[in-house]
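# sequence first, then the predicted structure:
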Amino acid sequence: MAMLSRVAEHLYWMARYLERAENTARLVNVNGSMILDLPKHVRPGWSSLISITGADETFYKNYPSAAEGHVVKFMLADDENPGSILSSIRSARENARTIRDIIPREAWEQINELHLKARENLASGLSPKWRHAFLSEVILSVQMISGILNEGMSHDAGHKFMNIGCNLERADMTTRIIDVRSLNLSQKDQADALKPFENILWMSVLKSLTAWQMYRRHMQASVSRDAVLKFLLQDNQFPRAFRFCLDKVENYLGRLPHSEAVLQALSPLKSQIDAANPEKLVQNELMEYIDQLQIMLGDIHIAIDKNYFGEVEEGQSQSQSH
């Protein structure tokens with residue numbers, strides 16, 4: 001049983017770190033494009049990316065300002081940032097290495113290759129000219145690894161833990177992106193200036209989650225704050241929507257033994273999201289609501305750890321890895 005717990009924990013964290021690397025690449029890519037779409041005098045800049053990861057203290061301890069070059073280096077390559085792309089890929093590789101007899105050989109090879117390529121091509125990732133190509137390569141590589149894992153691995157308990165980790169990480173990032181865009185629009189020094197461009201900001205949220213086309217298809221509406229919030233928080237068909245991720249977590253948990261305690265922790269969160277009218281919340285209320293969702297996601301992680309893994313290894317807890 002101890003061995004099963006160890007394997008399950010490594011699969012859970014491998015999936016979370018891979019998803020985190022992909023999400024971080026998406027964020028940096030889309031933020032750069034969004035800034036180019038806005039006039040210089042109203043651009044939110046790059047500091048919002050630090051806020052998304054919750055790593056403000058670490059960042060400002062090591063960098064004098066949230067200039068583009070500093071933020072990009074922190075998000076892509078900083079060893080002190082456990083959410084950086086290189087840190088996430090390295091952590092995913094380390095978890096995969098210890099269980100490489102459990103996952104498909106091809107998946108291990110691709111994770112190892114992604115780790116090597118990301119380190120070798122880092123200079124191009126830090127260059128504005130080649131950054132998009134570097135980040136796109138990371139995104140596509142993680143998607144390919146995900147495909148190999150899901151199609152080449154037996155759908156046993158390990159597979160379920162892997163997908164639980166992926167969907168919890170995905171749900172967490174969706175709330176973080178919404179939270180920071182809400183922050184941009186609630187700050188007094190920016191709110192009035194950004195108001196005419198509010199829809200551009202919410203379109204950047206959709207694009208960072210590859211949700212733009214599915215939003216148009218399902219909502220059949222132009223981009224607006226209210227419709228985007230409803231889609232990203234409550235849609236039950238789009239894979240990166242918060243509600244969809246919760247459904248997947250519940251589904252996989254329901255097929256694991258002794259999952260009652262974790263399902264009990266998940267139930268209040270599902271009720272919270274189902275009963276919400278996020279479009280009726282003003283910016284400050286929305287931010288408080290999102291904070292509440294993130295705390296409840298953390299409670300689910302703690303319940304999973306307590307129920308299946310025992311104590312979390314140092315550096316892998318919910319709080320330490322963001």
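Great, that's in hand.
# low-scoring stretches of the stretch 51-200 of the chain, by residue?
183-192 (pLDDT under 70).
# now the helices: where do they sit in it?
56-62, 68-76, 85-98, 105-120, 122-126, 131-152, 157-186, 188-194, 198-208 (DSSP state H, counting those that start in this stretch).
# could you tell me the angle between the last one and helix 157-186?
Spelled out, it's helix 198-208. Calculated by axes from the mean of the first three to the mean of the last three CA atoms, to 10 degrees, helix 198-208 forms an angle of 170 degrees with helix 157-186.
# one more: the third one?
Computed by the same axes, to 10 degrees, the angle separating helix 85-98 from helix 157-186 equals 170 degrees.
# just name the most buried of the helices of the stretch 51-200 of the chain.
helix 157-186 (a mean of 23; mean count of other CB atoms under 10 Å). (C-beta placed from N, C-alpha, C; glycine too.)
# what comes up buried for whichever strand or helix holds Y215?
Using DSSP states H and E, Y215 sits within helix 212-219. Judged by neighbour count (16 or more other CB atoms under 10 Å), helix 212-219 contains these buried residues: M214, Y215.
# who does that helix touch, helix- and strand-wise?
Helices and strands touching helix 212-219, by 3 or more CB pairs under 8 Å, 6 or more residues apart in numbering; DSSP states H and E, are helix 198-208, helix 225-234.
# adding distance to A276, write these out as CSV.
CSV is the format used below for these (distance: least, CB to CB, whole Å):
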stretch, distance to A276
helix 198-208, 17
helix 225-234, 7
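# I'd like to know which of the ones you listed has the weakest mean confidence.
Mean pLDDT is lowest for helix 198-208 among the helices and strands packed on helix 212-219, at a mean of 86.
# now that helix against helix 212-219, angle please.
Going by the same axes, to 10 degrees, helix 198-208 makes 110 degrees with helix 212-219.
# who does helix 198-208 touch, helix- and strand-wise?
Where contact means 3+ CB pairs under 8 Å, 6+ apart, helix 198-208 is packed against helix 2-37, helix 157-186, helix 212-219, helix 225-234.
# if we go to 6 Å?
helix 2-37, helix 157-186 (3 or more CB pairs under 6 Å, 6 or more residues apart in numbering; DSSP states H and E).
# ok, which of the helices of the stretch 51-200 of the chain comes nearest L27?
helix 198-208 (5.7 Å; CB to CB).
# how far does that closest one sit from its chain's centre?
16 Å (CA atoms, centre = their mean, to the nearest Å).
# now what about that helix, what contacts it?
Residues outside helix 198-208 that contact it (CB atoms under 6 Å, 6 or more residues apart in numbering): R26, L27, V30, M34, D37, I177, R181, W212, Y215, V223, R225, V228.
# and stretch 221-239, by the same measure?
174, 199, 202-203, 214-215, 219, 241-244, 278-279.
# of those, which is the nearest to L122?
Closest approach between the contacts of stretch 221-239 and L122, by CB to CB: T174, at 27.2 Å.
# isn't the closest one up against F242?
Yes - with contacts counted by CB atoms under 6 Å, T174 reaches F242, the gap being 5.2 Å.
# just to revisit the earlier point, output the helices and strands packed on helix 198-208 in JSON lines; the columns should cover distance to N150.
Shown next, in JSON lines, are the helices and strands packed on helix 198-208 (distance: least, CB to CB, whole Å):
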{"stretch": "helix 2-37", "distance to N150": "10"}
{"stretch": "helix 157-186", "distance to N150": "8"}
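# all the helices of the stretch 201-322 of the chain, residue numbers only.
For the stretch 201-322 of the chain, the helices defined by DSSP H, counting those that start in this stretch cover 212-219, 225-234, 242-254, 260-274, 283-304.
# can you add distance to A133 and give these back as a markdown table?
Below are these laid out as a markdown table (distance: least, CB to CB, whole Å):
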| stretch | distance to A133 |
| --- | --- |
| helix 212-219 | 21 |
| helix 225-234 | 27 |
| helix 242-254 | 29 |
| helix 260-274 | 37 |
| helix 283-304 | 32 |
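# can you tell which of the ones you listed is closest to S136?
The closest of those to S136 is helix 212-219. By CB to CB, the value is 16.1 Å.
# using PDB, list the CA coordinates for the closest one.
The C-alpha trace of helix 212-219 is given here as PDB (Å, rounded to 0.1, in the frame of the first residue of the first chain):
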ATOM      1  CA  TRP A 212     -11.900  31.900 -27.600                       C
ATOM      2  CA  GLN A 213     -13.400  29.600 -30.300                       C
ATOM      3  CA  MET A 214     -15.400  27.500 -27.900                       C
ATOM      4  CA  TYR A 215     -16.700  30.600 -26.100                       C
ATOM      5  CA  ARG A 216     -18.000  32.000 -29.400                       C
ATOM      6  CA  ARG A 217     -19.500  28.600 -30.300                       C
ATOM      7  CA  HIS A 218     -21.300  28.000 -27.000                       C
ATOM      8  CA  MET A 219     -22.100  31.500 -25.800                       C
END
